[in-house]
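Colleague: no sequence on this one, just coordinates:
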């Protein structure tokens with residue numbers, strides 16, 4: 001479904017954006033909350049340093065904000081407009097969806113942010 005070499009593949013799977021051969025995270029499961037941000041220093045296949053500069057992933061906060069706003073709007077539209085619920089129920093749906101999707105949004109925002117700066121290089125797969 002996801003073609004290797006696409007940014008979407010790297011974003012959704014959390015693989016190295018340059019070679020897409022290994023996960024950037026020590027633990028692939030985002031539901032293990034105590035290890036959610038633990039990352040490898042470098043890709044063992046292509047050598048890409050994930051922390052491009054000090055505090056690099058602070059910029060992912062802006063991506064996270066945008067993702068959370070999109071999720072909140074989607075939850076509101078689904079609950080209030082599609083299911084015709086009250087405003088109170090719609091806001092509860094927003095809060096519940098943001099809390100439940102928190103670990104995924106945290107990882108997706110980091111994945112999106114690093115993919116903004118690093119592109120797939122097919123030459124790294126020719127070893």
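Modeller: Looks like it came in fine. Note that this is a predicted model, so its numbers are computed, not measured.

Colleague: now the helices for the protein?
Modeller: Along the chain, the segments classed as helices by DSSP state H run 7-13, 60-76, 87-117.

Colleague: what number of residues lie near the closest residue in space to residue 33 that isn't next to it in sequence?
Modeller: Leaving out its chain neighbours, the residue that sits closest to residue 33 by CB to CB, 6 or more residues apart in numbering is residue 103, at 6.4 Å. Every residue, glycine included, has its C-beta placed from N, CA and C. Counted with other CB atoms under 10 Å, residues neighbouring residue 103 total 15.

Colleague: returning to what we had before: okay if I get the helices of the chain as JSON lines plus distance to residue 45?
Modeller: What follows is those, written out as JSON lines (distance: least, CB to CB, whole Å):
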{"stretch": "helix 7-13", "distance to residue 45": "13"}
{"stretch": "helix 60-76", "distance to residue 45": "23"}
{"stretch": "helix 87-117", "distance to residue 45": "16"}
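
Colleague: weakest of those helices in terms of mean pLDDT?
Modeller: Averaged per stretch, pLDDT over the helices of the chain is lowest on helix 7-13, reaching a mean of 92.
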